[in-house]
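[1] any chance you could fold what I've pasted below:
(one chain, ligands or ions: 1)
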Amino acid sequence: MTAMEVRPSIPGIDLAKGSTEAASVPFAPAILEIGKDRHFWHWRINTCPICGRSHSHGGGPVGADPRIFLSHRAAHCRDINANGYLLIDAEPSRTVSMLTGGAM
Ligand SMILES: [Zn+2]
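    Here you go, the predicted structure:
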């Protein structure tokens, strides 16, 4: 496809960087969590749009912005060969609060 395709507008991710492949995969809202060691972020999907299970994706080290890890990710579904999903921030205001120390 070309630039003529219509993409949804979603805060926190740049779909312009995506491909037509990215436009055909489901959205997976995730919430930001801090790991038990408190050194790394995790993005947790409570209900996977593909398999219905919960998944966790790495969000990089605390101190960096975990939102750069959003967008198209390989699905963590067991026994399902899917094209992945678009990881999106389910609660952007909560994320900002965590990043600014409000919830830590
Ligand atoms: Zn899944």
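[2] report the contact partners of the residue nearest to the spatial centre of the chain.
    Centroid check for the chain by CA atoms, centre = their mean gives residue 87 as the closest residue, at 2.5 Å. Contact analysis of residue 87 by CB atoms under 8 Å, 6 or more residues apart in numbering lists 28, 30, 43, 45, 57, 69, 70, 71, 72, 73. C-beta: built from backbone N, CA, C; applies to glycine.
[3] who is it paired with across the strands?
    Taking DSSP bridges, one finds residue 28, residue 71 as the beta-bridge partners of residue 87.
[4] roughly how far does it sit from residue 101?
    23 Å (CB to CB, to the nearest Å).
[5] ok, and the helix or strand in the protein with the lowest average confidence?
    Least confident helix or strand of the chain, by mean pLDDT, DSSP states H and E, is helix 20-23 with a mean of 51.
[6] could you measure from the residue nearest to the centre of the chain over to the ion?
    12 Å (CB to the ion, to the nearest Å).
[7] does residue 31 count as helix, strand or coil?
    strand (DSSP: H, G, I helix; E, B strand; the rest coil).
[8] buried subset of the contacts of residue 87, written for PyMOL?
    In PyMOL syntax, the buried subset of the contacts of residue 87 is picked out as below (16 or more other CB atoms under 10 Å):
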select buried, resi 28+30+43+45+57+69+70+71+72+73
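[9] ok, so of the contacts of residue 87, who is nearest residue 81?
    Nearest to residue 81 among the contacts of residue 87 is residue 73, at 15.0 Å by CB to CB.
[10] now the closest residue to that closest one other than its chain neighbours: how far from residue 33?
    If the residues on either side of it in the chain are set aside, residue 73 comes closest to residue 87, at 4.8 Å by CB to CB, 6 or more residues apart in numbering. Distance, residue 87 to residue 33, by CB to CB: 13 Å.
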